[in-house]
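In: Show me how the following folds:
(chains A and B)
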Number of protein chains: 2
Amino acid sequence: MSQAQTLHAINMGIDTHEEPVVYMRRDCDVCRAEGFTANARVQVSAGRHHIIATLNIVAGDLLPESSAGLSSSAWHYLQLHDGDPLAITHAPVVRSLRYLRKKIHGHELCAEEIAAIIGDIGRRLYSDVEVASFLTACAGDRLSIDEVIELTRAMVAVGTRLSWPDYPFVYDKHCVGGLPGNRTTPIVIAIASAAGLVIPKTSSRAITSPAGTADTMEVLTEVDLPLESMQRVVHETGACLVWGGRINLSPTDDLLIRIEKALDIDSDGQLVASVLSKKIAAGSTHILIDIPVGPTAKVRDRAHAERLSTMFATVATALGVKVHCVLTDGSQTIGYGIGPVEEARDVLAVLNNDPAAPADLAERACLLASHLLSMASGRDEAKSLSEARNILQSGRAWQQFERICLAQGGLKSLPEATHTTTLKARATGTLQGTDNRRLAQLAKLAGAPNSPVSGLRLAVKLGADVESGQALARLFAATGGELDYALNYYRRNRDMFEIG
Amino acid sequence: MSQAQTLHAINMGIDTHEEPVVYMRRDCDVCRAEGFTANARVQVSAGRHHIIATLNIVAGDLLPESSAGLSSSAWHYLQLHDGDPLAITHAPVVRSLRYLRKKIHGHELCAEEIAAIIGDIGRRLYSDVEVASFLTACAGDRLSIDEVIELTRAMVAVGTRLSWPDYPFVYDKHCVGGLPGNRTTPIVIAIASAAGLVIPKTSSRAITSPAGTADTMEVLTEVDLPLESMQRVVHETGACLVWGGRINLSPTDDLLIRIEKALDIDSDGQLVASVLSKKIAAGSTHILIDIPVGPTAKVRDRAHAERLSTMFATVATALGVKVHCVLTDGSQTIGYGIGPVEEARDVLAVLNNDPAAPADLAERACLLASHLLSMASGRDEAKSLSEARNILQSGRAWQQFERICLAQGGLKSLPEATHTTTLKARATGTLQGTDNRRLAQLAKLAGAPNSPVSGLRLAVKLGADVESGQALARLFAATGGELDYALNYYRRNRDMFEIG
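Out: Numbering: from 1, shown residues only, chains lettered A, B, ... in the order given. Below is the predicted model of the structure:
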């Protein structure tokens, strides 16, 4: 490798999201000596820190001589100060890309090959295009069960792994998603920890949905807790409801999720590896998986749900943890709210036993909590279900939820959306069905989850009789542009509410 | 859609290669009204032109208020002048992405779905990540033969389609590649057109190799000809050797190739669709395909070559053209040069019947030309082979090549590399094998094809006895950085020359 010449760092103040970009003058010595061309992948080194970045070449007047500019993310990863010396060279050949190509061509990968790919993605050596290709090559049914096991193991190995020496059993729950508004987790965690289970819940932000549990919890309390605070909350309350990204559990998963989100895909093998790697890295020993099944949910039929359950069980056994999957009704949204703030309203109403609270959400949360209680006690589910209901109805779940939020930094009051409109029925009849995917798309177009107030509040549920002109839902957005954008989509997709 | 506010265009002078980027201030009204976040996909409209671009958000001081900056490619596609008014809105939902997801999940696509995807890629509505996903979902053996036929048809339908009303039969040849230095095309075209065949050759630049025919021809003459000039050259000489990208034949293919190059993949279905769409759009009726077969060539065994031949023949028949595939020896490089300039030296030596010319290149070119002559005349290949050799040895091929180059703008003299070193044997023995893939990688690391002088000149061929310290090859680069970079790779991969 040639002796890299020194350039001085300048923060360009350009936000390229997570993709690190370096800006160099076309006439700079390093560009010319190295023969760099636009969009080349280059290695940028500053002291002990190295990143691979995409090169953008700039005309002279944007940068002084002997300097190189960095995007906000590159500046952050390299922990730079103005004028710091940089060495910029060709990116090293990423050896695991040969295994990626092997997978692209349809061959099965062994443990070492998968570990090499996941390690290199974790070190941010892959470009977005390469990560997209890896995800696609693993999508559909293109991962063997052995590959899913090794993918999970490799993802656990990158990043932090928690242990809970004080607790022999550590519980967790996860919903595979695809059902907008299905925000049972805060309620389930409150019930299960009120019953004495240790359940330190780390949640993700939304992948392809209008809100993840972390997005919803963030409007209620602090979720961005460092590891020590999270551990303190668990020791104080037996539980927590925090954002997993901060804890650096399975950080490769976060890099994969960003591109899955851009592609709007989420395949079985990746899903199992993503969920179990996060749970195992979090130190869980017993994991409940909620799989909603319905024609427009992520899992559309029972056969698919059973394949997915088998994959979860097989991978969990190989990695030494216990998993129990529950197939639940995914035919319609749960609760009334879709989007972080609207879902938080439903959660609060259920925990407070508000008479107007969505009964389906309360019932679903008790059902899931009962499965956790049965996993712990070995008792039958009918007994566990009445115990769960009792904890909720007695107010003990709400007291426990308040304790958790207070330990995390306090309960926040919910903001209101500034732009809102009513979606009205154009026909009289019975609400026969709702298209979950398009309801989710509508909430996302309105700005959820980046803008937490954005989303929907449904006014009717399946089977309701509606009259022409009656409200079907309220649509919320933080900006007029987003409201218009979502409405424009709604007008072309009114049949997401099927009235017959 | 909301009424878009007007911003004024500023050329940022940032070269992001082909990916269009728009830069907006975080505090600008449009960003806030639309709720844009970094890396959002936005539609930028200026007069009649619209593009989809990636949004980068900048700090205040890089841009004046009420302005938006454009990358060089975005500036070019929108044909802007300083201060032109722009409207920037959320990118419309790209409907064909649902078909992409269907393909990602392993389902077969119908004609309309493939046409929608290819049309949207052609309109530049796909991000690089989405194109990478499409290519990966179609890689390996994931395209059915019907899908390859529809992909080819869809790619022909986007862009220019030439017709040659004066000629009943129009010939073409193509090598599927994977064999560095295999630069037969200029020689084959000279021989075939000297024999009276009409053969208007449009070539691509390198996809994953150190040089494409267009890269090699560009060091010898003008290849970037507008359509009218290309047609004039064909009417004057019966042939041409131009870059196909300028003619806008199957432009979607060029967009796909850019990402294939980044991923270093080139699958059978995409290969057949890419080659045949270009040839059919160029108006060819008879197409010869050279498939080199060898352990380190793109096609490694006879069975794969035969599958590929069958795919070419089936797709060609469905689209109404004739294809003849020739399986050739791909066990080692052809000629001595690898890289645009070094390959051009070999071509000139063969056409000039130079005694030092590589005999293997001359022989391979005559073999391929003979297959074209047999396709045209129906005569047996032995007769055609002696006719082809006669045209080459008599100097008629050289005269014809000169005519073509003069018609295209004149013959250039070849530049010399400024940085060069000798790769020497470290053992005494016989050269048992060369690894074509790693030789190609070495030439690419030295800067080929972007820097045309970069590459290799082999000093020995398979079966040669070599002594320790003897030269195996010369390595050329335009910059010291690239020479060092390639040498560094060579030192870790000396066994690309197998001496035993």
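
In: Using PDB, list the CA coordinates for stretch A:450-461.
Out: C-alpha atoms of stretch A:450-461 as PDB (Å, rounded to 0.1, in the frame of the first residue of the first chain):
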ATOM      1  CA  ASN A 450     -40.300   9.500  12.300                       C
ATOM      2  CA  SER A 451     -42.900  12.000  13.200                       C
ATOM      3  CA  PRO A 452     -44.500  10.300  16.300                       C
ATOM      4  CA  VAL A 453     -47.900  12.200  16.200                       C
ATOM      5  CA  SER A 454     -48.500  11.000  12.700                       C
ATOM      6  CA  GLY A 455     -50.800   8.100  12.100                       C
ATOM      7  CA  LEU A 456     -54.400   7.000  12.300                       C
ATOM      8  CA  ARG A 457     -57.200   6.500  14.900                       C
ATOM      9  CA  LEU A 458     -59.800   4.000  13.600                       C
ATOM     10  CA  ALA A 459     -63.400   4.900  14.400                       C
ATOM     11  CA  VAL A 460     -64.900   1.500  13.500                       C
ATOM     12  CA  LYS A 461     -63.800  -2.200  13.700                       C
END
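
In: what residues does the helix or strand hosting A:Gln400 touch?
Out: Element membership for A:Gln400, per DSSP states H and E: helix A:396-408. Outside of helix A:396-408, the residues within contact range by C-beta atoms under 8 Å, 6 or more residues apart in numbering or on different chains are A:186-187, A:189-191, A:193-194, A:220-223, A:225, A:229, A:232-233, A:236-237, A:239-242, A:351-353, A:391, A:411. All C-beta atoms are positioned from the backbone trio N, CA, C, and that covers glycine.

In: where does the stretch 1-150 of chain A have low pLDDT?
Out: A:1-5 (pLDDT under 70).

In: Now do the strands for it: every range, in order, please.
Out: Listed in chain order, the strands of the stretch 1-150 of chain A (DSSP state E, counting those that start in this stretch) span A:6-11, A:14-15, A:21-25, A:41-46, A:49-58, A:67-70, A:85-90.

In: Contact partners for the closest residue to chain B within the stretch 301-450 of chain A?
Out: Nearest residue of the stretch 301-450 of chain A to chain B, counting by C-beta to the nearest C-beta: A:Gly447, 5.0 Å away. When the contact criterion is C-beta under 8 Å, 6+ apart, the partners of A:Gly447 are A:Ser454, A:Ala477, A:Ala478, A:Thr479, A:Glu482, A:Ala486, B:Gly35.

In: Restricted to strands, list these.
Out: Within the contacts of A:Gly447, residues falling in strands by DSSP state E are A:Ala477.

In: Ranking by neighbours, what's the top pick from the contacts of A:Gly447?
Out: A:Ser454 (32 neighbours; other C-beta atoms under 10 Å in any protein chain shown).

In: isn't it right up against A:Ala477?
Out: Yes - contact status for A:Ser454 versus A:Ala477: in contact at 4.8 Å, counting by C-beta atoms under 8 Å.

In: Report all helices and strands that the least confident helix or strand in chain A by mean pLDDT contacts.
Out: In chain A, the helix or strand scored least confidently by mean pLDDT, DSSP states H and E is helix A:29-34, which has a mean of 76. Counting contacts by 3 or more C-beta pairs under 8 Å, 6 or more residues apart in numbering or on different chains; DSSP states H and E, helix A:29-34 packs against strand A:21-25, strand A:85-90, helix B:480-492.

In: Buried deepest among those, which one?
Out: Among these, strand A:21-25 has the highest mean neighbour count (mean count of other C-beta atoms under 10 Å in any protein chain shown), at a mean of 24.

In: restrict the contacts of helix A:396-408 to contacts with chain B.
Out: Residues of the contacts of helix A:396-408 in contact with chain B (C-beta under 8 Å from any C-beta of the partner chain): none.

In: Please indicate which of these are buried?
Out: Buried members of the contacts of helix A:396-408, counted by 16 or more other C-beta atoms under 10 Å in any protein chain shown: A:186-187, A:189-191, A:193-194, A:220-223, A:225, A:229, A:233, A:237, A:239-242, A:351, A:391.

In: ok so, going back, mutual contacts of A:Ser454 and A:Ala477, please.
Out: Residues touching both A:Ser454 and A:Ala477 by C-beta under 8 Å, 6+ apart: A:Ala417, A:Ala446, A:Gly447.

In: Let me know whether the first one touches A:Ala478 as I believe.
Out: The reference is to A:Ala417. Yes - checked against C-beta under 8 Å, the pair A:Ala417 and A:Ala478 is within contact range at 6.4 Å.

In: which residues do these two both contact?
Out: A:Val453, A:Ser454.

In: quick revisit: go ahead and list the helix or strand containing the residue of the stretch 301-450 of chain A closest to chain B.
Out: Using DSSP H and E, no helix or strand contains A:Gly447.

In: check contacts around the spatially closest residue to it that is not a sequence neighbour.
Out: Counting by C-beta to C-beta, 6 or more residues apart in numbering or on different chains, the nearest residue to A:Gly447 once its immediate chain neighbours are dropped is A:Ser454, at 3.4 Å. A:Ser454 makes contact with A:Pro210, A:Gly339, A:Ala417, A:Ala443, A:Ala446, A:Gly447, A:Ala448, A:Phe476, A:Ala477, A:Ala478, A:Glu482 under the criterion C-beta under 8 Å, 6+ apart.

In: rerun that using 6 Å as the cut-off
Out: Taking C-beta atoms under 6 Å, 6 or more residues apart in numbering or on different chains, we find A:Ser454 in contact with A:Gly339, A:Ala446, A:Gly447, A:Ala448, A:Phe476, A:Ala477, A:Ala478.

In: With adjacent residues omitted, what lies nearest to the first one?
Out: Right, the one you point to is A:Gly339. A:Gly455 (1.7 Å).

In: Tell me how many other residues crowd the one you found.
Out: Neighbour tally, A:Gly455, other C-beta under 10 Å: 33.

In: Okay, and the beta partners of it?
Out: Beta-bridge partners of A:Gly455, counted by DSSP bridges, are A:Phe476.

In: which residues touch it?
Out: Contacts of A:Gly455 (C-beta under 6 Å, 6+ apart): A:Pro210, A:Ile338, A:Gly339, A:Glu342, A:Ala443, A:Ala448, A:Phe476.

In: right, and the pair among those residues with maximum separation?
Out: Maximum pairwise distance among the contacts of A:Gly455 (C-beta to C-beta): 11.0 Å, between A:Pro210 and A:Phe476.

In: ok, A:Ala471 touching A:Ala459?
Out: Yes - the pair A:Ala471 / A:Ala459 is scored as a contact, 4.5 Å apart, by C-beta atoms under 6 Å.

In: And the two? Which one has more around it.
Out: Comparing A:Ala471 with A:Ala459 by other C-beta under 10 Å, the one with more neighbours is A:Ala459, at 17 against 14.

In: one step back: okay if I get the contacts of A:Ser454 as CSV plus distance to B:Thr252?
Out: Converted to CSV, the contacts of A:Ser454 look like this (distance: C-beta to C-beta, whole Å):
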residue, distance to B:Thr252
A:Gly339, 37
A:Ala446, 33
A:Gly447, 33
A:Ala448, 34
A:Phe476, 40
A:Ala477, 36
A:Ala478, 38
